[in-house]
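Enquirer: the sequence and its predicted three-dimensional model are supplied below.
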Amino acid sequence: MQNDITFYQRFKSDILAGLKVITIRDNKESHFKAGDKLRVGTFETDEYFCTIKIISVTPVTLEQLTEEHAKQENMTLSELKKVISDIYPNEKYFFVIHFSLL
Ligand SMILES: CC(=O)Nc1ccn([C@H]2C[C@H](O)[C@@H](CO)O2)c(=O)n1
């Protein structure tokens with residue numbers, strides 16, 4: 001069965017441990033709705049590793065990111081901003097996808 005969303009492999013252990021409960025994506029991955037159940041795979045191999053339930057999808061800009069977002073990503077705020085800028089070098093508008101592990 002196909003996965004609905006992928007994460008870089010390096011984030012898998014934090015997701016499975018419940019330490020990472022949000023992901024910040026661009027407009028192309030903003031279509032998820034509260035209550036959706038998503039199969040999650042690794043970006044590198046598309047290997048399934050868990051199912052998550054979407055709690056909310058909220059627009060945000062890079063400047064609006066806070067320590068609370070960083071905590072929910074299990075990172076510092078500067079680490080989070082660097083990760084996002086590396087993945088989306090030219091993007092300013094994002095969506096915070098809050099999820100729980102099923
Ligand atoms: C294809 C793609 O963009 N995949 C992504 C995007 C983001 N993430 C992670 C990295 C950070 O923890 C947050 C914020 O973007 O989400 C990812 O694992 N895979």
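Expert: Arrived safely, thanks for sending.
Enquirer: who touches the longest strand along the chain?
Expert: Assignment by DSSP state E gives strand 48-61 as the longest strand of the chain. The contact list for strand 48-61 (CB atoms under 8 Å, 6 or more residues apart in numbering) reads 1, 3, 5, 12, 15-16, 24, 30, 32-42, 69, 92-102. (Each C-beta comes from the backbone N, C-alpha and C, glycine too.)
Enquirer: quick one: buried ones out of those residues?
Expert: 3, 5, 12, 15, 24, 32, 36, 38, 40-42, 69, 94-99 (16 or more other CB atoms under 10 Å).
Enquirer: those residues: which ones sit near the ligand?
Expert: Contacts with the ligand are made by residue 24 out of these, judged by CB under 6 Å from any ligand atom.
Enquirer: list the ones among the buried ones among the contacts of strand 48-61 that fall in strands.
Expert: Using DSSP E, the subset of those located in strands is 5, 24, 38, 40, 41, 42, 94, 95, 96, 97, 98, 99.
Enquirer: now, which of those sits nearest residue 79?
Expert: Ranked by distance to residue 79 (CB to CB), these are led by residue 24 at 12.5 Å.
Enquirer: doesn't residue 83 belong to a strand?
Expert: No - counting by DSSP: H, G, I helix; E, B strand; the rest coil, residue 83 is located in no strand; its state is helix.
Enquirer: relative to residue 89, how far out is the nearest residue to residue 85 once chain neighbours are set aside?
Expert: Take residue 85 and drop its neighbours on the chain: the residue closest to it by CB to CB, 6 or more residues apart in numbering is residue 62, 7.4 Å away. Relative to residue 89, residue 62 is positioned 11 Å away (CB to CB, to the nearest Å).
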